[in-house]
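Asker: I need the structure of the sequence given here:
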Amino acid sequence: MTIDEELNLLDHQLRRLKIEYEMFFNNPSKRPPADIEWKVLSLIRKFSDGGRMSFSQRYRYNEMAQRYAIHSDLWRKKMRIREEGYRRPQDAILSVQGVRPTEVREQKHPTAYGVGHHDGEPADDKPFTVQCSDAKAEREKVESLYKALSAAKQKSGEKVSGSLDSFAAFVSKKTAEIRKEHKCETVVYSVEMQDGQVKLKAKAKV
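Answerer: As a prediction, this is how the structure comes out:
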């Protein structure tokens, strides 16, 4: 088997692994896909030195290795929550497609929601922000937020999961929840890059 064929196999196994993990987290009786993950890890380790690969092959390999690392981190966190239960409001974000969760401290401010960054840690890039009152009526704003989130994920090496329609449904639901909870008219969404990780934040505009 050639290097390109093995890279094709790695890509196929990565996609299959992601699907299997999604099925695992949606089915309490299902076992984690350890056999597929072992195959993925074996291929990643096999080409880790990159000695026999061309520049384009190394680039493709690095993209897939980084994609696995990001997904693996997410799966470990979701696994821990599955075993220990939902202890914080932020943990619920893990089940939402298109959102890159990270470890966060409890937010003391009542308007903070979703995934935030630690106090005192500057973001790598200036965050992209959108103010939304009615997601269904403000489709262009939701689409721009989705594109910003997609671009940030691609920059970090992670491919976007979930369609624009599913993301719009999430924003519509979340906007309604925050407006009701905080009795506000507008919700501010922001996409931030910090330490190579994508973060989506949502808070009431008061």
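
Asker: what about the helices in the protein?
Answerer: 3-26, 34-46, 55-84, 139-156, 164-182 (DSSP state H).

Asker: Least confident of those, on average?
Answerer: Among those, helix 139-156 has the lowest mean pLDDT, at a mean of 80.

Asker: in it, what counts as buried?
Answerer: Neighbour counts over helix 139-156 (16 or more other Cβ atoms under 10 Å) mark 141-142, 145-146, 148-150, 152-153, 156 as buried. The way it works is simple: take the backbone N, C-alpha and C, and place the C-beta from them, glycine included.

Asker: Now do that helix against helix 164-182: the angle between them, please.
Answerer: 110 degrees (axes from the mean of the first three to the mean of the last three Cα atoms, to 10 degrees).

Asker: Show me this structure divided up by domain.
Answerer: 3-85, 97-205 (automatic domain parsing).

Asker: Let me know which of these is tucked in deepest.
Answerer: Comparing those by mean neighbour count (mean count of other Cβ atoms under 10 Å), domain 97-205 ranks first with a mean of 16.

Asker: one step back: quick check, nearest of the buried residues of helix 139-156 to Pro33?
Answerer: Lys153 (22.5 Å; Cβ to Cβ).

Asker: my guess is that closest one contacts Leu200, does it?
Answerer: No - applying Cβ atoms under 8 Å as the test, Lys153 and Leu200 come out as separate, 10.1 Å apart.

Asker: export the buried residues of helix 139-156 to CSV and tack on distance to Arg58?
Answerer: Below are the buried residues of helix 139-156 laid out as CSV (distance: Cβ to Cβ, whole Å):
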residue, distance to Arg58
Lys141, 39
Val142, 37
Leu145, 33
Tyr146, 31
Ala148, 29
Leu149, 28
Ser150, 25
Ala152, 24
Lys153, 22
Ser156, 19
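
Asker: Noted, bye for now.
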